[in-house]
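Q: got a sequence here, can you build the structure:
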Amino acid sequence: MSRRLVPTVLREEPRYRLLFGSQVLSVLGDRVTSVALPFAVLSVGGGVRDVAATATAQFLPFVILAIPAGVWADRWERKRILIASDVVRLVTQTIAAVLLLSGSAKVVHLVVLAALFGGADAFFAPAFSGLLPTTVSPGNLQPANALRGLSFSLANVAGPAVAGLLIGFAGGPGSALVFDGATFLVSVVLLLPLRPALVDEAAAADERAAPASFRTSLREGWEEVRSRSWVVGYLGGISVYHAMVLPAIFVVGPVLMADRYDGARSWAIVTALFGMGNILGDLLLLRWRPAYALRAGALMLVGSSCQAAVIGSHLPVWAIGLLELLTGVCVTGMFTLWETSLGEHIPPGALSRVSSYDYLSSTGMIPLGTVVVGGLAALVGISATLVVMTLCGIGAAVVVLGIPSVRHLPRPVEAAVGGGP
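A: Next comes the predicted model:
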């Protein structure tokens, strides 16, 4: 393979190569499991309520543990947290696979294992966000985040296809969980030799020299968030996006396509073009380095918040799909530039704690928004609900863009003029 086809961040950053390599297959495995798990529940005699209970069991620990996990990730060695999380998830997926393949699985087994998986995942996310900037030079932080986003975007496309092949032709849902478990084993093997940069070791030394109580660390983490208006504002905008805009994809969109268009076939076109937009956005941010990253991210948040309006526009399906392609570029861009800004401006010793608020304000708002929007649609109808979603989402995004510290947050010189793709 020509070196020009390999992104610069992978060529220049050996630490990041290990971290990125550990996650590529793992992300794909998680997307495979997200498709396979409902079928696993159904295959052991469960129903819709059991599927919902299993999904809730996997998600709820994340909501409960996100903030404490961020504190612990800033107090302990982050690499060890990642490895421990991967080992736990390797064990849970292996046990679930053995139970399914042997015909011994029951719904209660899958619920408990899903909860353990979710708990380990809650520790992994903030530790990963805190570790990533210590594996690259400042000039390569944005492409590192963009490449990570690209792995998610590609996995969203490939995951369902791989899951379908494994479930349909390789032994059912159990084989999909075997695949996911194997990806965690690969991740552990690649993480073991990883040695983070000195900045992370210096932060750890500071913690050892002056250990703070858990409560003090928790308070200090919140102070890192509260003292920065750009962090508070962007967290608020992301929360509204997840609560009031994203349900246009999860809840309202499929219903509307069934009522007005060609059902699943039309929805497949829209979601495929949205996924293509995600990939294009990630590729764009491997090259483009805006001078004001968070300003560009806030503009993309405005574009992302148009999704509800696009879905309810009454345009032909292909026109909706093409507009969703543009919003797909915006969605991946707003997250990449936000995560890059956090890595550039939050002290390394507090980054996991601040990132935990990010995860809670995004992931934590999805079920709340789904319930609210679903109830609103039943009460006032789909069209009126889409109008409310659009006004809330775009209004909040414009408020974020209006915050001076969001528009004028500078970038480190080396980040703005970093190397090419």
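Q: what sits against Phe20?
A: Neighbouring residues of Phe20 by Cβ atoms under 8 Å, 6 or more residues apart in numbering: Leu10, Ala144, Leu147, Arg148, Ser151. Just so you know, the C-beta spots here come from the backbone N, C-alpha and C atoms, and that holds for glycine as well.
Q: now render these as TSV, adding secondary structure and distance to Ala182.
A: Below are these laid out as TSV (DSSP: H, G, I helix; E, B strand; the rest coil; distance: Cβ to Cβ, whole Å):
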residue	secondary structure	distance to Ala182
Leu10	helix	23
Ala144	helix	25
Leu147	helix	22
Arg148	helix	21
Ser151	helix	17
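Q: and the residues you listed, which of them are buried?
A: Among these, those scoring as buried are Leu10, Ala144, Leu147, Arg148, Ser151 (criterion: 16 or more other Cβ atoms under 10 Å).
Q: about what we covered before: can you tell me which of the contacts of Phe20 lies nearest to Pro193?
A: Leu10 (16.3 Å; Cβ to Cβ).
Q: which residues touch the closest one?
A: Neighbouring residues of Leu10 by Cβ under 8 Å, 6+ apart: Tyr16, Arg17, Phe20, Leu147.
Q: tell me the first helix or strand C-terminal of the helix or strand containing the first one.
A: Secondary structure assigned from DSSP states H and E places Tyr16 in helix 14-43. Along the chain past helix 14-43, the next helix or strand (assigned with DSSP H and E) turns out to be helix 48-75.
Q: okay, buried residues for that following helix please.
A: Neighbour-count burial for helix 48-75, with 16+ other Cβ under 10 Å as criterion, is recorded at 50-51, 53-55, 57-63, 65-75.
Q: which other helices and strands contact it?
A: In this structure, helix 48-75 packs against helix 14-43, helix 107-131, helix 198-209, helix 214-226, helix 351-363, with contacts taken as 3 or more Cβ pairs under 8 Å, 6 or more residues apart in numbering; DSSP states H and E.
Q: centre of the chain to it, how far?
A: Going by Cα atoms, centre = their mean, to the nearest Å, the spacing between the C-alpha centre of helix 48-75 and its chain's C-alpha centre is 14 Å.
Q: likewise stretch 122-142?
A: Relative to where its chain is centred, stretch 122-142 has its mean C-alpha point 14 Å off (Cα atoms, centre = their mean).
Q: then it to PDB, C-alphas only?
A: Presented in PDB, the C-alpha positions along stretch 122-142 are these (Å, rounded to 0.1, in the frame of the first residue of the first chain):
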ATOM      1  CA  ALA A 122     -18.900   3.400  31.100                       C
ATOM      2  CA  PHE A 123     -15.300   3.200  32.400                       C
ATOM      3  CA  PHE A 124     -13.800   2.800  29.000                       C
ATOM      4  CA  ALA A 125     -15.200   5.900  27.300                       C
ATOM      5  CA  PRO A 126     -13.800   8.700  29.600                       C
ATOM      6  CA  ALA A 127     -10.500   6.900  30.000                       C
ATOM      7  CA  PHE A 128     -10.100   6.600  26.200                       C
ATOM      8  CA  SER A 129     -10.900  10.400  25.700                       C
ATOM      9  CA  GLY A 130      -8.300  11.300  28.300                       C
ATOM     10  CA  LEU A 131      -5.600   8.900  26.900                       C
ATOM     11  CA  LEU A 132      -6.000   9.800  23.200                       C
ATOM     12  CA  PRO A 133      -4.300  13.200  23.300                       C
ATOM     13  CA  THR A 134      -1.300  11.700  25.100                       C
ATOM     14  CA  THR A 135      -0.600   9.400  22.100                       C
ATOM     15  CA  VAL A 136      -0.200  12.200  19.500                       C
ATOM     16  CA  SER A 137       1.600  15.500  19.000                       C
ATOM     17  CA  PRO A 138      -0.600  18.600  19.200                       C
ATOM     18  CA  GLY A 139      -0.600  19.000  15.500                       C
ATOM     19  CA  ASN A 140      -2.000  15.500  15.000                       C
ATOM     20  CA  LEU A 141      -4.800  15.700  17.500                       C
ATOM     21  CA  GLN A 142      -7.600  16.700  15.100                       C
END
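Q: now the helix holding Tyr16 against helix 107-131, angle please.
A: Counting by axes from the mean of the first three to the mean of the last three Cα atoms, to 10 degrees, helix 14-43 lies at 160 degrees to helix 107-131.
Q: could you check the helix or strand hosting Val398 and say which residues are buried?
A: Here Val398, judged by DSSP H and E, is contained in helix 382-401. Neighbour-count burial for helix 382-401 flags 382, 385-386, 388-390, 392-394, 396-397, 400-401 (criterion: 16+ other Cβ under 10 Å).
Q: which parts of the stretch 201-350 of the chain are helices?
A: The residue ranges that make up the helices of the stretch 201-350 of the chain, judged by DSSP state H, counting those that start in this stretch, are 214-226, 229-240, 247, 253-260, 264-287, 293-304, 307-311, 317-345.
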